[in-house]
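A.B. asks: How does the following fold in three dimensions:
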Amino acid sequence: MFGNNSGQKCNLTVRYVQTPTEPIIGDIQFHRLNLMVSGSCNVFAFLLVSGLMWCHATHMSNPKEQLDIMRIALLIPCYAILTLAAVYDANAWPFVKPWIEVCQGYALANFWILICRFTARLPCNSERHDHPQETRDLFFAPLVALSRKQRRRPLTLKRYRRHWVYIMQGPLVTLLVAVCTNIVEPLAYTCKLRHERALRMALSCTTIASMVMSMWTAIRHCGTLRSELWPHRAMFKMLSFKLILGLYIILEVIYMFLDAVRPSPLEPTALLSAADIEVGVPLMATSCELVLFAVFFCWAYSVTPYRIPSSPAPPTTTATTTASSSSPPPAEFGKIEATTYQGTNHHHHEQQQRRHYQGGPFGLKAWWMMLNHGDMLKGFLFPFVYMEEAASGGYTGQPPRAREDKWRYKWFWKLFCWGKRRENGKRPVTSSGSSESGTEVGHDISLGNMAK
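C.D. replies: Down below sits the predicted model:
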C-alpha cells in the first residue's frame, strides 16, 4: 500500500477480474471464443494492409502521394495490434483505447494533406519537397478550389484558418488526452480518485468532440470538391474513414451513456463477465468490422494507379496524370510553377519521373522516408506562419525571394507575433502569372480579398 498526502491509502487493484463463466459453445467460454475470433480477424487485417503498404513501398512512382497513403494505412495495423492486446487482457483497454484515437487523428491529418496534394496537382518529383513556395502552393490549393466553388459565400482566409485548425488539431488533442488518461486511470483504480467518473467522462467527451470536428470538416470540404477529387477516388478513400471513425464514435457514445446510467444495464451474467460485456463484446464487433474495412481500404488505396507500365508508352493511368487530363486544373494563388506541368509538358515531365520506382531495394528507402513527418509539422505551423504572411500581403504568388528562404529561422518570431503586420512588408497581390511555356493564366481570387 502507498500513502498520499491526504492520508488516503492506495491499493494495487485492477478494474476487471476475469471470473469463470458458463461455456457459450461446447466447453468454450466467451473469453476464449473472443480470443479466437478477434485474433483471427485482427491478424488478417494486419497482414492485408501491411501487404498493401509493402506494395506501395516497392512500387513507389509518386513518392509524395504514396508516402501519405502509407501513413494513412498505418491506422489499421496499429488498430489491430492494440485491439488484440485489449482482447487478451481487458485491463489494458482503458490504456490502449486513447492511443487508438491518436492513430485515428494522425491518419485523418495525413488524409487532409493527401487531399491538398490532389487539389494542388504538384509534380511528383521530390527536388523541391522542402521549398517554402511549394509548401504554400500545397496548403493553399484547397482554399482556391473551395473559393471557386462557393461563389455566393467565398471562403475567407479567416474561415480557412479556422477549418484548418479543426482538422489538424486531431493528433495534438488526442495525444494530450491519451497522456492524461494514462495518468488518471491508474489513480482511479488504485487510489479511488475523487470524481474519477467525471474525469473519465470529460476525457471521452473531449476526444469525441475533437474527432467529430476534424472528420466533419474534412468530409464537408471533400464533398464540395467532389468533381476535382473524383479522378483520384478520394470519396472512396474518405468513405473508409467515415466507416471506421463513425462506428467507433457510435460505440463510444453508446457505452459512455450505458456506463453513466445507474443502475447500469452492463451487469455480468452467467455467460458473460463484466470484462466480457464492457470490453469483449464491442471489441469482437470491431474486430469483425476491421476485416471489411481492410478489404475496402486495399481497394480504395490500391497500388495499381502507381505501377509503371512495362511498355515504353508514356504512363497515362497514374493518379496525377488522370487528374490533369480529366478536369481543368484550378488556378492557384499565382503559382507560376503549376502552369508548367499542364498539357504536353506535364505528361513529358511525369514520364521522365516515373521511369523507375523510388522506394529503394525491397522498399526499405520508402519505409525510412515514411518516418519523415516534415509536412505534418508544417501543417501544424501553417495557420501561424504562411496564413499570417498571406493576410499581411507578404505572399503574392511570385517566385520565392531570398527572405523566404529564411522562414525556418523566423517562424517562432511570427508565432509569437501572430496578428501583427509588418510596417514595410505590405505588397499588393498580383492577379496573374505566366508559365515557362508562355501560357498566361488569370487568377480572379486574391489573398487580399479573402483576408477581409
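
A.B. asks: Stretch 217-233: which residues count as buried?
C.D. replies: 217-219, 221-222, 224-225, 228-233 (16 or more other Cβ atoms under 10 Å). (C-beta placed from N, C-alpha, C; glycine too.)

A.B. asks: same check, this time on stretch 360-371
C.D. replies: 363, 365-367, 369-370.

A.B. asks: Model confidence score at Cys288, please.
C.D. replies: pLDDT recorded at Cys288 is 90.

A.B. asks: Next up, identify which helix or strand it is on.
C.D. replies: For Cys288, the host element (DSSP states H and E) is helix 281-300.

A.B. asks: For the helix or strand hosting Met201, which helices and strands make contact with it?
C.D. replies: Assessed by DSSP H and E, Met201 sits inside helix 196-224. Helices and strands touching helix 196-224, by 3 or more Cβ pairs under 8 Å, 6 or more residues apart in numbering; DSSP states H and E, are helix 93-120, helix 132-149, helix 157-190, helix 234-260.

A.B. asks: by how many degrees do it and helix 234-260 diverge?
C.D. replies: Relative orientation of helix 196-224 versus helix 234-260 (axes from the mean of the first three to the mean of the last three Cα atoms, to 10 degrees): 160 degrees.

A.B. asks: Next, the buried residues of helix 196-224.
C.D. replies: Going by 16+ other Cβ under 10 Å, helix 196-224 has these buried residues: 199-200, 203-204, 207-208, 210-211, 213-215, 217-219, 221-222, 224.

A.B. asks: How about stretch 263-281?
C.D. replies: Residues of stretch 263-281 classed as buried: 272-281 (neighbour count, 16+ other Cβ under 10 Å).

A.B. asks: Check stretch 65-84 too.
C.D. replies: 65-80, 82-84.

A.B. asks: Could you do stretch 372-384 as well?
C.D. replies: 375-376, 378-384.

A.B. asks: wait, isn't Glu278 in contact with Tyr255?
C.D. replies: Yes - counting by Cβ atoms under 8 Å, Glu278 touches Tyr255, with 7.1 Å between them.

A.B. asks: joint contacts of those two?
C.D. replies: Residues touching both Glu278 and Tyr255 (Cβ atoms under 8 Å, 6 or more residues apart in numbering) are Leu266.

A.B. asks: how close does the nearest residue to Ile244 once chain neighbours are set aside get to Leu84?
C.D. replies: Counting by Cβ to Cβ, 6 or more residues apart in numbering, Ile244 lies nearest to Phe293, which is 5.5 Å off, once chain neighbours are set aside. Taking Cβ to Cβ, to the nearest Å as the measure, Phe293 falls 15 Å from Leu84.

A.B. asks: cool, Met215 as well?
C.D. replies: For Met215 relative to Leu84 (Cβ to Cβ), the value is 25 Å.

A.B. asks: same deal with Thr224?
C.D. replies: 38 Å.

A.B. asks: just Leu271 next, same as before
C.D. replies: Leu271 is 22 Å from Leu84, by Cβ to Cβ.
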